[in-house]
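Q: A structural model of the following input is requested.
(chains A and B)
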Amino acid sequence: GQQLNQSPQSMFIQEGEDVSMNCTSSSIFNTWLWYKQDPGEGPVLLIALYKAGELTSNGRLTAQFGITRKDSFLNISASIPSDVGIYFCAGPNSGGSNYKLTFGKGTLLTVNP
Amino acid sequence: DTAVSQTPKYLVTQMGNDKSIKCEQNLGHDTMYWYKQDSKKFLKIMFSYNNKELIINETVPNRFSPKSPDKAHLNLHINSLELGDSAVYFCASSQDWGNNEQFFGPGTRLTVL
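A: As a prediction, the model looks like this:
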């Protein structure tokens, strides 16, 4: 099945720094999703991307849908302590009746105040 | 109001027992899902229901039986619990089948002793 490779696996940064993480796929995706999971909570959708080359922002978060449709990037600017959590990329399989989301293994972000 | 809710939040039980987890969404969505998140935080789809009809059964043991009494509810019953069933189980919903934007519940942490 499709696999998503997410990197880095974890990041330790100082408050105020910018963060970048990415996700690559072995096959083409038509949609890229970025989720954040706070400790003890369920994943929350941050940004959805539907078009190759698309660049979308949500506050300090910016995500891009790669031109090749096999990758996506998430950037967080001026990080704050509440940015701590696990960030997941996700994308749907390539169609057919057995639709499902595949998730990356996550990037654990720690922000030191 | 919580959009997707699950009960219980925590479940500790002995091996061999049978237990149920309940999920309700008040978003008016047609499609609901069960995911399993293992100790390494990997999220994997288990089941998906669309309009109360089972669409995805992702090679989950027969001991797991989902039931959807109506579009707003998707419960998960687990028979003969095993140690390896210990995980966090997330319910999610989306507007309809094929809609990528899934909304997750807070999770149920199941511990099998």
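Q: Three-state assignment for the closest residue to chain B within chain A, please.
A: Closest contact between chain A and chain B, by C-beta to the nearest C-beta, is at A:Gly42 (3.4 Å). Backbone N, C-alpha and C define where each C-beta goes, glycine included. Three-state assignment for A:Gly42 (DSSP: H, G, I helix; E, B strand; the rest coil): coil.
Q: Would you point out which residue is most central in chain B?
A: Closest to where the C-alpha atoms of chain B average out (C-alpha atoms, centre = their mean) is B:Trp34, at 3.2 Å.
Q: which bits of chain A sit near chain B?
A: A:31, A:33, A:35, A:37, A:40-45, A:48, A:86, A:88, A:91-92, A:97-101, A:103, A:105-106, A:108 (C-beta under 8 Å from any C-beta of the partner chain).
Q: same thing but at 7 Å, please
A: A:31, A:33, A:41-43, A:45, A:48, A:86, A:88, A:92, A:98-101, A:103, A:105-106 (C-beta under 7 Å from any C-beta of the partner chain).
Q: so what's residue 105 up against?
A: Looking at chain A here, since you left the chain open. A:Gln6, B:Phe42 (C-beta atoms under 7 Å, 6 or more residues apart in numbering or on different chains).
Q: my bad, chain B
A: B:Gly105 neighbours (C-beta under 7 Å, 6+ apart): A:Gly42, B:Val4, B:Ser5, B:Gln6, B:Cys23, B:Phe90, B:Cys91, B:Ala92.
Q: Now for chain B, the helix or strand with the poorest mean pLDDT.
A: Here the helix or strand of chain B ranked lowest by mean pLDDT, DSSP states H and E is strand B:53-57, holding a mean of 84.
Q: Other residues contacting it?
A: Contacts of strand B:53-57 (C-beta under 7 Å, 6+ apart): A:Asn98, A:Lys100, B:Ile45, B:Phe47, B:Ser48, B:Tyr49, B:Pro66, B:Trp97.
Q: Partner strands of that strand, with direction?
A: Neighbouring strands of strand B:53-57 in its sheet, by DSSP bridges, are strand B:43-50 (antiparallel).
Q: How far does the partner strand sit from its chain's centre?
A: Taking the mean of its C-alpha atoms, strand B:43-50 sits 7 Å from the chain's own mean (C-alpha atoms, centre = their mean, to the nearest Å).
Q: Next: stretch B:9-24.
A: Distance, centroid of stretch B:9-24 to centroid of chain: 11 Å (C-alpha atoms, centre = their mean).
Q: Would you mind measuring the gap between the ends of that stretch?
A: 13 Å (C-alpha to C-alpha, to the nearest Å).
Q: which residues sit against that stretch?
A: So stretch B:9-24 is in contact with B:4-7, B:32, B:72-83, B:89, B:91, B:105-106, B:108-113, going by C-beta under 7 Å, 6+ apart.
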